[in-house]
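Asks: Make a model of this:
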Amino acid sequence: MTYKEKGTKRRLRSSYITSVISISLVLFMLGLMGLLILNANQLSNYVKENIGVSIILKDKVKEVETRRLQKTLDATSYVKSTEFVDKETAAKELQAELGEDFISFLGYNPLLASIDVKLYAEYANPDSIAVIEKDFKKFSQVQEISYQKSLVHLVNENVKRISLIILGFSALLFIISFTLINNTIRLSIYAQRFIINTMQLVGATRGFIRKPFMAKTLMQGILGALIANAMLLGVIYFSQKELRQVINFTNVEMIGALFLIILLMGLFITWISTLFAVNKYLRLESRSLY
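Replies: Below is the predicted model:
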C-alpha cells in the first residue's frame, strides 16, 4: 500500500469517526430533550406538591383533638401529607429566620400551633385551594388558613409557560439536529464525489452506486444512536442517584420507547440525508464536480 493510499484511508477513517461522533452528540441532545419532556409533568407536580397550606389552630386546642383533625385531613382525597407544628417548634423556626430571640423580648410565645398541609398536584391551583380553604375553616379547631396566594398563581402560570417553551424548543432542536446531521453526511459524501462520478462512467446504475453509501451511513446512524443511548443511560443513572426526589425514571417502557425513537431517528435522518446527497452528485456533470 502506497503512502498516498494510506493517507486516503486514514482520512476516510477519520471522517467516519467524526460523522459517528457528530451524529451521536446530536441524538444525545434530542434524547435529553425527550427525557425532559417525559419528566416535565413529574417536575411540575413536585413543585406544586411542595406548596404548603398552614392551618393555624386555636389556642389551647387539646392534643387529642389535634390528632383527630390531622387524621381527618389525611383521609381526604386532596391532601398528600400533613405535619403538626407545635408552638415551641414554630418559635424556634421563626427565631432561626429572624436571627434573634423575640420570646425573651416579648416575654411570651405569641405563635400558635399549626398543621402544615401539602396537597396533591391536581389540587394545587388557585380555584381548588379556594374551595379547600372553605372546607378547612369548617373545623372548630381552626382559627385561620395561611398560604401564599401569589406563589400558587405564579407556579401554575409558570408551569403552563414552561410547557409551551419546552414544546417549541423541542421542535427547534429537531430541525437543528436534522440540519447538523444532514450537513455532516453531505460533507462526507462530497469528499467522495469523484468516486460516484467514476462509478457512473464505468456504467454502474444509480441503485448500485447508492447502496454502499446508504449502508455506510445507516451504520453510522446505528452506532451514533447506540452511543447516544449509552450516554442517556449515564444521565438516568446519575439522576436516579442524585436527584431521586425531583426526577424519577421508573417507567421502563417509556425509557425503552425513547431509546427506540432515538435509534429510528438516527436511521431516518442518515438515510434521507444520504439519499438526497448522493442523488445530487449523480445528477451533476463531470465538469461541475470541481
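Asks: For the helix or strand hosting L267, buried residues please.
Replies: Secondary-structure assignment from DSSP states H and E places L267 in helix 252-283. Going by neighbour count (16 or more other CB atoms under 10 Å), the buried part of helix 252-283 is 255, 258-259, 262-263, 265-267, 269-270, 273-274, 277-278, 281. Heads up, the C-betas are built off the backbone N, CA and C, glycines and all.
Asks: now the strands for this structure?
Replies: 52-57, 79-85, 114-119, 142-146 (DSSP state E).
Asks: For the third one, name the packing helices and strands.
Replies: Spelled out, it's strand 114-119. Here strand 114-119 touches strand 52-57, helix 63-74, strand 79-85, helix 126-137, going by 3 or more CB pairs under 8 Å, 6 or more residues apart in numbering; DSSP states H and E.
Asks: nearest to Y46, of those?
Replies: strand 79-85 (11.4 Å; CB to CB).
Asks: one step back: any idea which of the strands of the chain gets closest to I185?
Replies: Across those, closest to I185 is strand 79-85 (CB to CB), at 50.4 Å.
Asks: Between the helices and strands packed on strand 114-119, which one is closest to F28.
Replies: Proximity to F28 (CB to CB) singles out strand 79-85 among the helices and strands packed on strand 114-119, at 35.2 Å.
Asks: low-scoring pLDDT stretches of the stretch 1-150 of the chain, where are they?
Replies: 1-16, 97-98, 102-110 (pLDDT under 70).
Asks: if I read this right, N50 contacts D116, doesn't it?
Replies: No. Contact criterion CB atoms under 8 Å: N50 and D116 do not qualify, at 11.0 Å.
Asks: what residues does stretch 86-105 touch?
Replies: Residues from elsewhere that reach stretch 86-105, judged by CB atoms under 8 Å, 6 or more residues apart in numbering: V85, N109, L111, L112, A113, S114.
Asks: Can you flag the buried ones in these?
Replies: Here, 16+ other CB under 10 Å leaves V85, L111, L112, A113, S114 buried among these.
Asks: that older thread, packing partners for the helix holding L267?
Replies: helix 3-48, helix 149-190, helix 193-201, helix 206-242.
Asks: Save these as TSV, and put in distance to Q70 and mean neighbour count too.
Replies: TSV is the format used below for those (distance: least, CB to CB, whole Å; neighbours: other CB atoms under 10 Å):
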stretch	distance to Q70	mean neighbour count
helix 3-48	22	16
helix 149-190	22	15
helix 193-201	76	15
helix 206-242	33	17
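Asks: for these, which one sits closest to K80?
Replies: Comparing the helices and strands packed on helix 252-283 by CB to CB, helix 3-48 comes nearest, at 10.0 Å.
Asks: which residue sits closest to the residue nearest to the spatial centre of the chain in space, ignoring its chain neighbours?
Replies: Among the residues of the chain, the one closest to the centroid is L36, at 1.0 Å (CA atoms, centre = their mean). Counting by CB to CB, 6 or more residues apart in numbering, L36 lies nearest to I166, which is 6.5 Å off, once chain neighbours are set aside.
Asks: how much space between that neighbour and L264?
Replies: 21 Å (CB to CB, to the nearest Å).
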